[in-house]
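Asker: Please find the sequence and the predicted model below.
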Amino acid sequence: MGASVAADGAMEAGAGGRLSDLAYERILEQLFDRRLPAGAFLSQSELVKRLGIPVAPLRDALRVLEAEGILTIHPRSGIQFVKPGLELTKSTYQYRSILERAAVRVFAETAPDEELDMIAERHRATVEAIEKRGLDAALIADIEELEIVLHGGVIGALNNPLINSSYRRMHNYLKLVRLDRRLTVPLALRSLREHAEIIAACRTRSPDKAEAALMAHFNAALQRHMGMY
């Protein structure tokens, strides 16, 4: 009897953990696709209805998201979601620079030639497609994937689980600050060509040039974001 009760308790704990993970993902999903407006102020009961998640695992997810800076929990009042602005944008790029400038040096020295060639070719093909037909949903998806392929590869070169976890959280901030970005052909091409400079430096196995190209890309990207405010 005791063993059965313990097993049931373990199953409930496991289910609760899975539901809190699901709540976490659903909240971010609704933020990123604008169903949940940035800066929104909602009660806990409203979130329960929106997400279809019970209160206990929802609270667990909210605590994690508060620790990550995505929202603020106001006791007996409600939950306020972060509204991207100039300070969050600057902080995000500062954090990103700290994580990636050391990583890109390692990436330049250790990334396999085949990986660098593949990334370079995918960028070349995407630039060519944009120049021929402009931006469409498929190409925007390609651009977002190339962002992950390049910058994820750079961070992955450190082979550090703690940094990988920090980078995933930072990427959530980046997606938030990009919510109001209007991507145009010139902006897309400029960003991809900045990526190409980073890749070219890595292909010459020059850590100094790779770091310089990365920082030039981040500075230009920050300026593009700041021009929106």
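Answerer: Yep, it's here. What you see is a predicted model; the values in this text were computed from it and never measured.

Asker: Only alpha carbons, please: show the one helix or strand Ala221 maps to as CSV.
Answerer: Take DSSP states H and E as the rule and Ala221 turns out to sit in helix 207-226. Taking C-alpha atoms only, helix 207-226 is exported to CSV below (Å, rounded to 0.1, in the frame of the first residue of the first chain):
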residue,chain,number,x,y,z
PRO,A,207,40.0,34.8,-34.0
ASP,A,208,40.8,38.5,-34.0
LYS,A,209,38.9,39.1,-37.2
ALA,A,210,36.0,36.9,-36.2
GLU,A,211,35.6,38.8,-32.9
ALA,A,212,35.8,42.1,-34.7
ALA,A,213,33.2,41.1,-37.3
LEU,A,214,30.9,39.8,-34.6
MET,A,215,31.1,43.0,-32.6
ALA,A,216,30.6,45.1,-35.7
HIS,A,217,27.4,43.0,-36.4
PHE,A,218,26.1,43.5,-32.9
ASN,A,219,26.8,47.2,-32.9
ALA,A,220,25.0,47.6,-36.2
ALA,A,221,22.1,45.5,-35.0
LEU,A,222,21.8,47.5,-31.9
GLN,A,223,21.8,50.7,-33.9
ARG,A,224,19.0,49.3,-36.1
HIS,A,225,16.9,48.5,-33.1
MET,A,226,17.6,51.9,-31.5
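
Asker: so the residue nearest the centre of the chain, which of the three states?
Answerer: Residue closest to the average C-alpha location in the chain (C-alpha atoms, centre = their mean): His171, at 2.1 Å. When classified by DSSP: H, G, I helix; E, B strand; the rest coil, His171 comes out as helix.

Asker: And for Gln80?
Answerer: Gln80 ends up strand, using three-state DSSP.

Asker: In contact with it, which residues?
Answerer: By C-beta atoms under 8 Å, 6 or more residues apart in numbering, the residues touching Gln80 are 39-41, 71-72, 74. Heads up, the C-betas are built off the backbone N, CA and C, glycines and all.

Asker: and what of Ala120?
Answerer: Ala120 sits next to 196, 199-200, 203 when contact means C-beta under 8 Å, 6+ apart.

Asker: and it, how far is that from Leu146?
Answerer: Distance of Ala120 to Leu146, computed by C-beta to C-beta, to the nearest Å: 11 Å.

Asker: what do you get for Lys83?
Answerer: For Lys83, the distance to Leu146 - C-beta to C-beta - is 28 Å.

Asker: Between these two, tell me which one has more neighbours.
Answerer: Neighbours per residue (other C-beta atoms under 10 Å) separate Lys83 from Leu146, with Leu146 holding more: 18 against 12.

Asker: Quick check: that one touching Ala125?
Answerer: No - contact status for Leu146 versus Ala125: not in contact, 10.0 Å apart, counting by C-beta atoms under 8 Å.

Asker: quick check: domain ranges of the chain?
Answerer: Taking automatic domain parsing as the criterion, the chain consists of the domains 2-81, 86-226.

Asker: if you compare those, which one is most tucked away?
Answerer: Per-stretch averages of neighbours, counted by mean count of other C-beta atoms under 10 Å, single out domain 86-226 among the domains of the chain, with a mean of 16.

Asker: what mean pLDDT would you report for that domain?
Answerer: Across domain 86-226, pLDDT averages out at 94.

Asker: and that domain, how far out from the chain's middle?
Answerer: Taking C-alpha atoms, centre = their mean, to the nearest Å, one finds domain 86-226 lying 11 Å from the centre of the chain it belongs to.

Asker: ditto for stretch 64-72
Answerer: Relative to where its chain is centred, stretch 64-72 has its mean C-alpha point 15 Å off (C-alpha atoms, centre = their mean).
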